[in-house]
Each structure stands twice: as structure tokens, then as C-alpha cells.
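Asker: predicted coordinates and the sequence they were generated for:
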Amino acid sequence: MAASYPLLDHLLRRSGFGASPSDLATFGPLAYVRAVDRLILYQLIPDTVDSHIGTPGYLGTTSAGPFSPNTVINDARQRWLFRMLHSERPLQEKMTLFWHNYFATGFSKISGAVGSPTRATRLMAAKAEEDPQKQRGQIEMFRDNALGNFRELLIAVAQDPAMLIWLDGNTNTKTKPQENFGRELMELFTRGVGYYTESDVYAAARVFTGWNLQTSGGPGDANVSYQFVYRPEAHETSAKTFSFPIYRGGDTTIPARSASGGMQDGLDLIAALASHPETARRLVTKLYEFFVSETSPPDPRFIDILAAEYLGNDTAIAPVLRTLFLSGEFRSFSCFFTRYSWPVEFVVRAMKETGWTGFSAGSTLSPLVNMNQELFDPPDVAGWSLGQSWFCTGATLARMNFASTLAANQKIRLATAAAGARNSPQAVLDFLLTRLTPALDNRTYGDLASYAAGGSPWTGSDAQLQAKASGLAHLIVGSPEYQVT
């Protein structure tokens, strides 16, 4: 019933999307500390995963025309799912997903605002090195900054064209200050509710006046480029006073500046917010809930340790996660299977553990919508509702149906993998449980064993092995126990 590498399986479920046989071959020989370092120091590993799209042995893709993830949003979704499944940098993709929800930005609004799904896809998903105008999509920005300095990430977010459109920053001028970004910067991105005032919101709006967009290309040009620009003539130059310190000496006022130097207002405010102790505590608590547990509250002393790592390392995320992964809190068995899998985590883990050859990322898109998570399109600025909110009746049924589809698709390969256990139905079950790694109690194990032994007398024939291996995979992946990670 137990996984062969319980702590490693736990690490790879949380820091990535589960463990394929090749993942176990890579990480299995490593001491735990070395495995953590390999996950965090992913810059040492070439990022070549996209070059395998469309090649044998990898997850397939399905497109109405030439596969174009820079311009077709469903192709962009498939490319990201492909990366989650096959990247040798799983923590980079996991943190990209974390930031996608943390800085939630919706494709639907972007598409309506720019008048073109193609343009919106480029703003959300384009890889600059592949784009005619070198447009970098928001997800690429998150990927580039996945474990870096949070202050620098906030600056990149504030200047991201998709975010400027999403929170109406592109219309923020001194004649009509726009409050949306300033409010969310304080409420959702940094200090949190209760740590700012309405006068802070208005001051923040004036701080970011002139942080706008410029475009290249005509109205009918699908390749029009959107880039951040600071417009001095649109900046409100007076002093801005906040209810919290902006500078080390405790001064709460950003001084009046010339229009040409006014961009520094925003940089000063972002620096103050990024390095504030309440931001540190709020962010590391979110990381705790994402990587450790969302079913039991963290020990405040552990949050203090993580916050100190964040503040002591100039707001860098990598040292925080290294401390977290090496902690007794993370490695405690009491924290195994204490997070509710997001739909995309469930889908990618199921493919990693069950198999994917002959399957298509396109086959996951409708099921993910039915599970209430569509990549690139969170419902609002607060992101998706997490935890048990994922499990309404329809969404749970969609998970079970996906388990059935995937298990049926992988029937022959599951049987081939389980061939060494064909001597008994219980051996087949035990093999699958080491591969699929759910946390089963004795009663559920007994129910699965009864299913495995049911029907005609066991002979271990190929047909019988295929039917039972597929049926067991369906029941395990669709089980309540598999929905936690």
C-alpha cells in the first residue's frame, strides 16, 4: 500500500505535479537535500522542453490549424500543460502557476479590451523570442521571475501590459487617476486587507499616473505590440502621503518630483510594500498553504522563520522555499495529503502517474473547464476559490470522468507496466498503488482488492491484466483520496 519513496513522492507532488517513472529515476538516487537543491537551482538545467512538442513519446497536442501557442489561447493552454508534464524544471512551472493565481489576470477581459483573441493570447502567453514584435506574455514574465526577488516581480507586474489592461492602468493619468492597480497592489499583492486606508488608495493611484501602454502596429494588425511606457506628461507630480512608512527613516511621504523623475514614485512605493513585515508574513503564509498544508494553520513561529528568510534575502523567494522544503513542518507525515488538488494539478499528476503516450493535452481542456479551472482565465482579481471550493458536484464528476477517459486510453500501457505483477490481482493493485501514490485507508484498500479479485478466476492473461489495470487506475485516480496532494 505504501509508495516506494514516500518523502520524495510528497516533495514532487508539492514542488511539481507528481512523479513520472523518469522523474523517479532522476530524483530517486539523490539525497533529500540534493533533490531540493536540484528543484530550486533549475537555472542549471537547460529549458528545452518546448522542443519536444509534437515528437513521439511525449504528450500530444490538438489544434484546428498549425499549432500556435503564441496566438491561439487553447494552444497556449496545451503548451503550458505540456510543460507541466515534461519540464525538467517542475518547481519553475509550479511557481508560475502560483503567481498566475496570485496576480490573477483574465484572458476574457483582455481579449475584449484589445478586440482580438490573437492579441490577447500574445499578451498572456507569447514567448518573446518567437514573437514577431518580441511581445512577452504575462506567463513568460512569471516564469522568468518564478523564484526571484519579489520586489522586482512586483515592478514587472506593474509594468506588464496584460496587467495594465486588466486593472485599467493604461488609463491612469493625472487628470483622472485610476485606483484599481493601487488598491490591489496593497490589498491582494502585498500587505493585505486592514493594512491600508482609502486615502492610501488615492495616493497610490497618483503614484502610478503615467505608467501606461504604447502600441506598435495598426488597428487591423494581429501582431500589434503592447509595451509599458512611462509618460511624464501624464504623471501627477505633487507629494503623496501614506499611512505607513515608505522610507527607512519612517517617512510616510513620497516627495514632490518633476514629471521626468516621477516614475521613481512607483518604484519607491513598491519597494516599501515589498519589504514590509506584513507583506512578508502574508506572502509566506500563502506559500505555506500552497506547499505545506491548507487544512491546518501554520505555527506562527514557522511563519516568522520564513518571513525572516524573505526579508533577510532582499525579498528573494528561492531561500524561502529552500527553508520550507527542508523544514520539519514540510517533511512531517502529518502534512502529507493536506492540500486539495487544483484541477490542473490533478490532471497533470494523473497523466504523470498513469501515462500519457497517445493522449493529447487538448483532451484535458474541456474537462478542466468542467472542473472550474481554465488556464489563463481566473474568474476575477482574487483568483480561483481554493480548497474544498473545487469540489462541487459537477466538478467532482468531471474529475471522475477524466480518470475514466485517461485510464481507458492508457489501458495497454498500464498492463505492460504491471506485467511483472500479473501473478495475482492483489499484486497488480499493489503495483498501481506504488505508481499512483494515493493515501488509502484499509477500508478503501479492501474495496479495491475486492474489485481486483472479482469476476472470472484470475489467470493473468493480457486481456485480464489490461481490464483490471485500467479499471483499478480509474477507481484510484477518481477516488476521494487522489484529490488531495
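Answerer: Thanks, I have it.

Asker: residues making contact with the helix or strand encompassing residue 11?
Answerer: Per DSSP states H and E, residue 11 falls inside helix 6-15. With contacts defined as C-beta atoms under 8 Å, 6 or more residues apart in numbering, helix 6-15 is touched by 3, 18-19, 23-24, 27-28, 32, 35-36, 39, 90-91, 94, 291-292, 321, 325, 330-331, 333, 336, 339, 349, 437, 485. Where you see a C-beta, it was placed from the backbone N, CA and C, and this is true even at glycine.

Asker: report the buried members of these.
Answerer: 3, 18-19, 23-24, 27, 35-36, 39, 90-91, 94, 291-292, 321, 325, 330, 336, 339, 349, 437, 485 (16 or more other C-beta atoms under 10 Å).

Asker: still on that earlier bit, after the helix holding residue 11, which helix or strand is next?
Answerer: Per DSSP H and E, the helix or strand that comes after helix 6-15 is helix 21-27.

Asker: what pLDDT, on average, does that next one get?
Answerer: Averaging pLDDT along helix 21-27 gives 94.

Asker: circling back to that earlier point, sort out for me which of the contacts of helix 6-15 are in helices.
Answerer: 23-24, 27, 32, 35-36, 39, 90-91, 94, 291, 321, 325, 330-331, 349 (DSSP state H).

Asker: and the residues you listed, which two are furthest apart?
Answerer: 24 and 321 (21.4 Å; C-beta to C-beta).

Asker: wait, residue 307 touches residue 282, no?
Answerer: No - counting by C-beta atoms under 8 Å, residue 307 stays clear of residue 282, with 9.2 Å between them.

Asker: gap between the residue nearest to residue 182 when sequence neighbours are not counted and residue 390?
Answerer: Using C-beta to C-beta, 6 or more residues apart in numbering and skipping the chain neighbours, the partner closest in space to residue 182 is residue 204 (2.8 Å). Per C-beta to C-beta, to the nearest Å, residue 204 is found 33 Å from residue 390.

Asker: who has more neighbours out of the two?
Answerer: When neighbours are counted by other C-beta atoms under 10 Å, residue 204 and residue 390 differ, and residue 204 comes out ahead with 25 against 21.

Asker: now do the contacts for the more buried one.
Answerer: Residue 204 sits in contact with 179, 181, 182, 183, 185, 186, 240, 242, 269, where contact means C-beta under 8 Å, 6+ apart.

Asker: any idea how far the last one is from residue 423?
Answerer: I take that to be residue 269. Distance from residue 269 to residue 423, by C-beta to C-beta: 67 Å.

Asker: likewise for the fourth one?
Answerer: When C-beta to C-beta is applied, the distance between residue 183 and residue 423 equals 64 Å.

Asker: of the two, who's got more company?
Answerer: Neighbours per residue (other C-beta under 10 Å) separate residue 183 from residue 423, with residue 183 holding more: 20 against 10.

Asker: the more buried one contacts residue 201, correct?
Answerer: Yes - counting by C-beta under 8 Å, residue 183 touches residue 201, with 4.8 Å between them.

Asker: list the contacts of residue 280.
Answerer: Here residue 280 is in contact with 307, 310, 311, 315 (C-beta under 8 Å, 6+ apart).

Asker: scratch that, residue 208
Answerer: Contact analysis of residue 208 by C-beta under 8 Å, 6+ apart lists 158, 169, 172, 178, 181, 182, 265, 266.

Asker: what about the fourth one, which SS state?
Answerer: Reducing the assignment to helix, strand or coil with DSSP: H, G, I helix; E, B strand; the rest coil, the entry for residue 178 is coil.

Asker: for the spatially closest residue to it that is not a sequence neighbour, which residues are in contact?
Answerer: In space, and not counting its chain neighbours, residue 178 is closest to residue 172: 3.9 Å by C-beta to C-beta, 6+ apart. Residue 172 makes contacts with 178, 181, 205, 208, 209, 210, 211, 212, 234, as judged by C-beta under 8 Å, 6+ apart.

Asker: out of the residues you listed, what pair is the most spread apart?
Answerer: Among the contacts of residue 172, 181 and 234 lie farthest apart (C-beta to C-beta), at 14.3 Å.

Asker: neighbour count winner among those two?
Answerer: Neighbours per residue, other C-beta under 10 Å: of residue 181 and residue 234, the larger number sits with residue 181, 24 against 19.

Asker: so that one, which of the three states?
Answerer: helix.

Asker: hang on, the earlier thing: the residue nearest to residue 182 and residue 57, how far apart?
Answerer: Relative to residue 57, and taking C-beta to C-beta, residue 204 is found at 50 Å.

Asker: now do the helices in the stretch 1-150 of the chain.
Answerer: For the stretch 1-150 of the chain, applying DSSP state H, counting those that start in this stretch gives helices covering 6-15, 21-27, 32-40, 73-86, 90-102, 107-114, 117-125, 138-144, 150-158.
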